[in-house]
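Peer 1: A predicted structure for the sequence below; I have some questions about it.
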Amino acid sequence: MTAPFSWIQPHPHGIHVLPADAWIDPSRAVDRALVTHGHADHARGGHGTTYATPETLAIMELRYRTGAEDDAGTIPHKAVPVQYGESIRLAGDVTATYVPAGHVLGSAQILLEHAGERIVVTGDYKRRPDPTCPPFEVTPCDIFITEATFGLPVFSHPPIAGEIGKLTERLAAHPEACVAVGAYALGKAQRVIAELRAAGHRDPIYLHGAMEKMCRLYEDHGVDLGELRLVSDYSKDDMRGHIVVCPPSALNDRWSRRLPDPITAMASGWMRVRQRARQRNVELPLVISDHADWGELTDTIREVNPQETWITHGREEALLRWCQLHQRPARALAMVGYEDEDD
Amino acid sequence: MEQFAALIDALVYTRSRNEKLRLIGEYLRATPDPDRGWALAALSDGLDFPAVKSSTIRTILKERVDPVLWTLSRDFVGDTAETASLLWPQPEDAPSPPSVSETVGLLQGMTRKSVLTELPELLDRLDVSGRYALLKLATGAMRIGISARLAKVAFADAFDVPVEEVEEYWHGLAPPYPELFSWGAEGAAPPDMAGIPLFKPFMLAHPLEDLVVSLDDYVAEWKWDGIRVQLVHAGGETRLFSRGGDDISHTFPEMLPALDFPAILDGELLVQGATQGGEAGGAASFNALQQRLGRKTVSKKMLAESPAFVRVYDVLSLDGENLREKPWSERRAVLEQLMARLPAHRFDLSAIVEARDFEHLAQIREGARNDAIEGLMLKRRDSPYVPGRRTGLWYKWKRDPLLIDCVLMYAQRGSGKRSSFYSDYTFGCWDGDPDQGADLLPVGKAYSGFTDAELKKIDRHVRQNTVNRFGPVRETDRSLVFEVAFDSVHTSKRHKSGLAMRFPRIHRIRWDKPPHEADRIAALQALVRD
C-alpha cells in the first residue's frame, strides 16, 4: 500500500492528480486540466481536455476566442462539462465531484476521491450570499486545499448592503457627476450590478466596452442585470447622475475623460486598507470581495475540519500561523501565478 | 468623535486641495468649541500625548492578538494605527463615542501605566473609523496629506479672515485656540501678542533651476550648511526657533543671552570651525553641528568644544518696529548697522557675494564644492519679507549634486502611501575589485528620486530577485545599479563603510549597467570634505 495522500502532489504550476495524470488549475498547458473557475490565473487555455462547469467553459470560450483579457492560450481542444453535484470518473480510479464555491458564475470546488481518501480543492471561494452564483457548500474531507487571498486578520468584509448604500448615496449627493466603479470584469462587475438591482436601483447602468460580453454571458445564464448601456454610445450629459462600471485599470486611464466629472470608486476587498485605496487614487472605496475574508477562511477550516489544510496562494503565512495556533496540521504550497490584485 | 472620524476618512480619500479645504472648513463651521479647536490642533500636528506612543499601541494589541499575526498584518497595512483599528475586536455593546474634547481630556490624563487599560476602554467605545481617528489623534501624527499650512488656510477660508493674520497669531496660542475662534468665527478682537517672543514663519526660496537673473535686481549670498533659525527677543525673553517653528532654545542655551534687545533675526546656526569656506568661513561642517542637535541638555564640554553662532541673513523687526514690509535692501542696511550691538563671538553677518554678472557668479558657485558650501542664495533687492515661498523673490542655487553608481542590496517596505511597496533602498559600493572577489559595503539609504511608475518597476525587481527575507526587509541578488545623487559625504563611525552621505536620492535607475561596473568605496572616500 502506498503512503496516504501520495496520489496528489502540489507543484508551483498546479496540483497534480497522479493516477489520473490530471492537473487542477494548471498555469501551463497540460493534457488533462480540472478547472475550478474562469478567472485567467486559474483557467489557462491550450489544454488537451478541460473539465469544468458549463458556465466556466462558456467563460473560457468567450475569453480565449475574443482574446480580450488574456493571450495565454486558445480554446480548449476538448471540453467536458461537469454539472454541480456531478461526479466524473477519471483514469486511475479517481472520482472528481464539482461543488459550488460561491466565488463567481460557474465557480466550483473540486472534491477528489481515491483509495478511500477525500481531498477538496476550493479554488477561490467566499461564504457571503451572491445573486450571481449558488452558495459555497461545506464538503467534509481529509485534506482541504484552500486559498488565502485575504488571509490576514485585518480583512473583514462588511455586509454588501452597506457598501451598495454608500454608492447610491454618493450618487444622489452629486446628480451632476457620475460614479465610476472599477470592478473586475468577470464576477465583481456583475455582482455589483445585480446587488444594485436588488437594492432597487432601476436606472440604466453604463458599461465600459470590455465588460459587455461578460455581462451578456451572465444574462444568458439567467442573471438579471437590468438595463445596461455602453459608454461609447452615449454623451457625457447622458451619464450625469448615473453609475458607470469599468475595469479598475480604466479608472486612471485616458478613457475616463469621456465621463462627466467622475467620482472614482472601486469595488475590492483591498479597499479595506485605506492606503491601498489611496495608492489607486480611489475616492469612494467599496469593500466588496468575491473571496473569503479572514473570518470566513478560519470558520470554513473549522467547519470542514480536515486532517490537514494546504494553502495555495495569498497571505499564506498568516493562515498557516492560525492553523498552528489551533493545532491544525497545515502547509503552504507556494503556488505561483495566482494573485488577484484587482479583487 | 463621529464627525471628526468622518472628516478624517473623507480627507484620506480626497485628492483635490480645494475639496480638502472645503471639507475642513465645513467641519470647523459646523462643530462647537472646543471640539473644533482640538480637531484643528490634531490636523496641524499640534497635539502631543506623551503616554501614547506607537509602541503603546503595539503593546496593547499584542496582548489581544497573536504577535506573529500582528506583525504580518502591520507589515501588510504599513500603518500601526490603521492596523490596530482594523484588528481591534468589535465590542458587543453598541458604540458610545466620546466627543473630541472628552477624548483629548482622557488622553491627557493617561499615564504610561494607566494607558494600558484606559486606551482599550476608549477603543471599545468606537467603531472602526472612530478607532482609526482616535489612534491617529493620540499618536500625534495624522499623515493623511494635510499640512499645518493647509489647516491654517482652511481656517482662514472658513471664516473669511486673512491667512497671514492666522499665521501671526498661531504660534502664540495653544490648542484648542479659543482666542483664534472667537476672533475668526465670532468677530471678537484679535488676540493680543505683545510682549511674547513669537515665531514668525520663515521666508523660503524656490530652486533656481535653469533661470538666469540679473544681478541688478538680485543680490547673492552663500547658502551655509547649518540649520536655519530665528532668534526672537521680546518682553525680556529670548527664544530660538527652528525652521518648522519648534522652540529649540534649550539645545543652544549659549545663544539666548547673546540677544538682549527686542528684535527678530533670521540666520544660519553653525558651529565654529574652519571647514565651510576655510579659515575665513569660520564654520565647521554640518557633521559637527549634528552632534549638538536633538539634545535636551548640553554638557559644558560640548559647549566648549562645539560653540554655536548665528550667521545673520535678515532682520524682521527691531526695537518694536516691524521691518517685514520694507524692501530687502533697507532691511540689509538696518542689519549692517545692528551688527555692532551684537556680540561678535555669537553673531556674524552673512556676506554678500560680489560678482560682475550672472556668468561670473556661476563661476564662483563652481568653487563652492571645494569650500564645502551648499551653494548660493539669490534675493530680490526689493523683496519684502513674506512667509513661505513666493515666486520670483528668493531663489536657492545649490551646487550640482555629486553622483555615484551603487548596487541595490536591501529593500524595505514603505509606509503610508507606499505601504506594501518596497520603496526604501539600501545600496552599496565595492570595497575593492569585484572581479577579484571584493564585496559590497552599504553606503547609504534612499527613498526618493523616482516616479511612481519607476517605484512599481523597482518593486517588481525586488520581489523577483529576493535572496533573503528579514521581516519587512528583503535582500536582493545585487543585480540592479542606481545612480545616486547626494550633496556631500562625511566620515562616520556609525557605518561599516566609514562614510555617511548627505541627502542621498536615486538620480537614475541603471537597468542597463552590470553591477560589477558600479563604483568602489575609494571613489566615495575621495569626495569626503570633513
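Peer 2: Here it is on my side, so go on.
Peer 1: Now name the helix or strand holding B:R64.
Peer 2: B:R64 belongs to no helix or strand when assigned by DSSP states H and E.
Peer 1: next one: B:L119
Peer 2: helix B:115-124.
Peer 1: Report pLDDT for residue 203.
Peer 2: Using chain A. pLDDT, A:D203: 97.
Peer 1: let's do chain B instead
Peer 2: pLDDT, B:M203: 94.
Peer 1: backbone phi and psi for the spatially closest residue to B:R510 that is not a sequence neighbour, please?
Peer 2: Spatial nearest neighbour of B:R510, excluding adjacent residues (Cβ to Cβ, 6 or more residues apart in numbering or on different chains): B:V481 at 4.0 Å. The way it works is simple: take the backbone N, C-alpha and C, and place the C-beta from them, glycine included. Dihedral angles of B:V481 (phi, psi; degrees, to the nearest 10) stand at phi -100, psi 130.
Peer 1: So which bits of chain A are right by chain B?
Peer 2: A:152-154, A:156, A:272-279, A:281-285, A:315, A:317-318, A:321-322, A:325 (Cβ under 8 Å from any Cβ of the partner chain).
Peer 1: quick one on the thing from earlier: per-residue confidence averaged over the helix holding B:L119?
Peer 2: For helix B:115-124, mean pLDDT is 96.
Peer 1: what stretches of chain B score poorly on pLDDT?
Peer 2: B:369-370 (pLDDT under 70).
Peer 1: near chain A, which residues of it show up?
Peer 2: Contact residues (Cβ under 8 Å from any Cβ) of chain B with chain A: B:12-15, B:65-66, B:68-69, B:72-73, B:76-79, B:82-83, B:86-87, B:132, B:416-421.
Peer 1: repeat that for 6 Å
Peer 2: B:12-13, B:66, B:68-69, B:72-73, B:76-78, B:82, B:86-87, B:417, B:419 (Cβ under 6 Å from any Cβ of the partner chain).
Peer 1: Among the residues you listed, which ones are in helices?
Peer 2: B:V12, B:V68, B:L69, B:L72, B:S73, B:F76, B:V77, B:E82, B:L86, B:L87 (DSSP state H).
Peer 1: what about B:E121, distance to B:S114?
Peer 2: Shown here: B:E121 relative to B:S114, a distance of 10 Å by Cβ to Cβ, to the nearest Å.
Peer 1: Compare those two (neighbour count), which wins?
Peer 2: Shown here are B:E121 and B:S114; by other Cβ atoms under 10 Å in any protein chain shown, B:S114 has more neighbours (12 against 9).
Peer 1: Show me the residues of chain A next to chain B that map onto helices.
Peer 2: Per DSSP H, the residues of chain A next to chain B map to helices at A:R274, A:Q275, A:R276, A:A277, A:R278, A:Q279, A:E317, A:A318, A:R321, A:W322, A:L325.
Peer 1: so what's the fourth one closest to, chain neighbours aside?
Peer 2: Yep, that's A:A277 we're talking about. Spatial nearest neighbour of A:A277, chain neighbours left out: A:P285 (4.0 Å); criterion: Cβ to Cβ, 6+ apart.
Peer 1: how deep is the one you found tucked in, by neighbour count?
Peer 2: The tally of other residues near A:P285 (other Cβ under 10 Å) stands at 25.
Peer 1: so it touches A:M271, yeah?
Peer 2: Yes - A:P285 lies in contact with A:M271 (Cβ atoms under 6 Å); the separation is 3.5 Å.
Peer 1: returning to that earlier point: put together JSON lines for the ones in helices among the residues of chain B next to chain A, with neighbour count on each row.
Peer 2: Supplementary listing: those in JSON lines, determined by neighbours: other Cβ atoms under 10 Å in any protein chain shown:
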{"residue": "B:V12", "neighbour count": "22"}
{"residue": "B:V68", "neighbour count": "16"}
{"residue": "B:L69", "neighbour count": "22"}
{"residue": "B:L72", "neighbour count": "22"}
{"residue": "B:S73", "neighbour count": "25"}
{"residue": "B:F76", "neighbour count": "19"}
{"residue": "B:V77", "neighbour count": "25"}
{"residue": "B:E82", "neighbour count": "25"}
{"residue": "B:L86", "neighbour count": "21"}
{"residue": "B:L87", "neighbour count": "22"}
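Peer 1: Identify the farthest-apart pair in those residues.
Peer 2: The largest separation in those, counting by Cβ to Cβ, is between B:V12 and B:V68 at 28.2 Å.
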